[in-house]
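Chemist: Kindly return the folded structure for what I paste below:
(one chain, ligands or ions: 2)
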Amino acid sequence: MSGGCDWVLAVADQTISDEHIVGPSSAPDDVLRVEHIAKSFGPTTALRDVNIHLRKSEVLGLLGDNGAGKSTLIKILCGFQKQDSGEMWLKGEPYSPKSVDDGRAHGVDTVFQDLALIDQLSVFHNLFLRRERVRKPIPFLSNAIMRREARKALDTIGINIPSIDVPVARLSGGQRQAIAVARTVSGDADILLLDEPLAAMGAKEGAMILDLIQRVREEGNVSIIMILHNYVHVFAACDRVSLIQDGVIALDKPTAETSIDELTEIVVEEYRRAREAAHIGNGASVAVPITAGADAPQVAAQASQKAAGGGPAAGGGPAAGGGPATGSDATP
Ligand SMILES: Nc1ncnc2c1ncn2[C@@H]1O[C@H](COP(=O)(O)OP(=O)(O)OP(=O)(O)O)[C@@H](O)[C@H]1O
Ligand SMILES: [Mg+2]
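Modeler: Ligands and ions are numbered 1, 2, ... in the order given. You can find the predicted model right below:
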C-alpha cells in the first residue's frame with residue numbers, strides 16, 4: 001500500500017453515492033409526488049431518501065431487487081404504514097393517509113403483494129370486499145347484483161374462473177391474483193398501486209392483465225404505479241421506470257429512453273458489489289478505496305445478507321381493510 005493513498009483492506013461499499021440519487025422532480029400534471037421518504041424497521045433501513053412522482057394517466061414501473069423497499073413504499077403511499085420522514089402530495093394537496101381506508105377515500109387503491117383476499121369468502125364476495133352492494137332500505141347484502149357484476153368484471157378481463165361462488169382458497173395463485181387486480185381496477189380509485197400483479201400468472205393470464213391495464217390507461221382517468229420484476233412486462237406496460245436501490249431511487253427514465261440492457265447492467269452491478277462484500281464477509285479480503293467514516297462492518301453485514309438472499313422477511317401484508325393479512329401469499 002503506498003503512502004498517501006486511501007487504499008485499505010476494507011469492504012466494498014454497497015451504498016449509492018449521492019450524485020446518483022435521483023432528487024425530487026415534478027411535472028405539471030402530477031397526481032402524486034413524494035419527496036425524501038425514509039423508513040426504517042429497527043436496524044433495517046428500508047427507504048433512505050426516496051423521491052418519485054406520478055403523472056396523470058401514466059403507468060410508472062417501480063423496479064428493484066428483493067428487499068429494495070418497493071413494497072414498503074407502496075404501503076406508505078396507500079396509508080398502511082407511516083414514513084419516518086418525508087412528504088407526500090396528492091393532486092397538489094399535502095397527503096398523509098391515516099389508514100388504507102383513508103387512502104382509498106382519497107382515491108388511492110392497492111393490490112398488495114400478498115393480495116389480502118379472504119380465503120373463506122367466495123370469489124364474488126372478495127371482489128366486493130369493503131364495497132359490498134346492499135339493498136335499501138334494509139341493508140342486506142345484494143348477492144344477485146354482486147354475482148352479476150363480478151361475472152361481468154371477470155369476463156371483461158377474460159380471466160377464466162370456472163365459478164364465482166367457490167371460496168378463493170380453492171383457486172390457483174394466478175386466479176387469485178386476477179381477482180385481486182380485477183377488484184382494484186374495477187373500483188372507483190384514480191390512483192392504483194399494484195405490487196407485483198403478475199407474479200403468479202402464466203403468459204396468457206399475464207397478457208390479459210396487461211391488456212386490462214392498457215385499456216384503463218387509455219381511458220385516461222387512472223394513474224398506476226406497478227411493481228414488476230420481468231423487464232418484458234416493464235417495456236410492454238410502463239411509460240416510465242423508477243428503480244430503487246439501497247433505499248434510494250437510482251434511476252428514473254421514460255421507458256423509451258432506457259433499455260433492458262441498461263436496467264440489467266445496473267442490477268448486475270449491484271449483484272457484483274453484493275457478491276464482493278459477501279466474499280469479504282466470509283473471510284476473504286479485497287482492497288477497495290473507502291472514504292473516511294464509512295461504516296464498513298455494517299455495510300459488509302448488510303451486503304453479505306443481501307448476496308445470500310437473506311434478510312428478515314417482510315412483515316405480514318395488510319388486509320383489504322388495513323388490518324392483519326388474511327390471504328395466503330400468491331407467490332409461493
Ligand atoms: N414490517 C417489517 N418489519 C421489519 N422489516 C421489514 C418490514 N417490512 C419490510 N421490512 C424490511 O425492509 C426491507 C424492504 O422490504 P420490502 O418488502 O419493501 O422489499 P421489496 O422491495 O418489496 O422486496 P421484494 O421484491 O422481495 O418483494 C427488507 O429488508 C425487509 O426485510
Ligand atoms: Mg415486495
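
Chemist: number of nearby residues for Ala169?
Modeler: Burial of Ala169 is recorded as 13 neighbouring residues (other CB atoms under 10 Å). Every C-beta, even on glycine, is put in place using the N, C-alpha and C of the backbone.

Chemist: what packs against the host helix or strand of Val181?
Modeler: According to DSSP states H and E, Val181 maps onto helix 173-185. Under the contact criterion of 3 or more CB pairs under 8 Å, 6 or more residues apart in numbering; DSSP states H and E, the helices and strands touching helix 173-185 comprise strand 108-111, helix 123-127, helix 143-157, strand 191-195, helix 203-219.

Chemist: dump the residue contacts of the nearest residue in space to Ser186 that is not next to it in sequence.
Modeler: Nearest residue to Ser186, sequence neighbours excluded (CB to CB, 6 or more residues apart in numbering): Ala153, at 4.7 Å. Residues touching Ala153, when contacts are defined by CB atoms under 8 Å, 6 or more residues apart in numbering, comprise 127, 182, 186.

Chemist: The first one and Gly173, how far apart?
Modeler: In this structure, Leu127 lies at 17 Å from Gly173, with CB to CB, to the nearest Å as the measure.

Chemist: Give me the more crowded residue out of those two.
Modeler: Legend: neighbour count by other CB under 10 Å for Leu127 and Gly173, higher for Leu127 (27 against 17).

Chemist: Can you name the residues in contact with whichever helix or strand Leu60 is part of?
Modeler: In the assignment (DSSP H and E), Leu60 maps to strand 59-64. The contact list for strand 59-64, computed with CB under 8 Å, 6+ apart, reads 52, 54, 70, 73-74, 213, 217, 223-229, 234, 237-245, 255, 263.

Chemist: Which of the residues you listed are buried? Put it as a PyMOL command.
Modeler: In PyMOL, the members of those classed as buried (16 or more other CB atoms under 10 Å) are selected with the following command:
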select buried, resi 52+54+70+73+74+213+217+223+224+225+226+227+228+234+237+238+239+240+241+242+243+244+245+255+263
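
Chemist: So which of the contacts of strand 59-64 are in strands?
Modeler: In this view, those that belong to strands under DSSP state E are 52, 54, 223-227, 240-245.

Chemist: quick one on the thing from earlier: can I get the helix holding Val181 as PDB, trimmed to CA atoms?
Modeler: In PDB, the C-alpha atoms belonging to helix 173-185 read as follows (Å, rounded to 0.1, in the frame of the first residue of the first chain):
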ATOM      1  CA  GLY A 173     -52.300 -18.400  -7.400                       C
ATOM      2  CA  GLY A 174     -52.800 -16.800 -10.800                       C
ATOM      3  CA  GLN A 175     -56.600 -16.900 -10.500                       C
ATOM      4  CA  ARG A 176     -56.400 -15.300  -7.000                       C
ATOM      5  CA  GLN A 177     -54.200 -12.600  -8.400                       C
ATOM      6  CA  ALA A 178     -56.600 -11.900 -11.300                       C
ATOM      7  CA  ILE A 179     -59.400 -11.400  -8.700                       C
ATOM      8  CA  ALA A 180     -57.200  -9.000  -6.600                       C
ATOM      9  CA  VAL A 181     -56.400  -7.000  -9.700                       C
ATOM     10  CA  ALA A 182     -60.000  -7.000 -11.100                       C
ATOM     11  CA  ARG A 183     -61.200  -5.800  -7.700                       C
ATOM     12  CA  THR A 184     -58.900  -2.800  -7.600                       C
ATOM     13  CA  VAL A 185     -59.200  -1.900 -11.300                       C
END
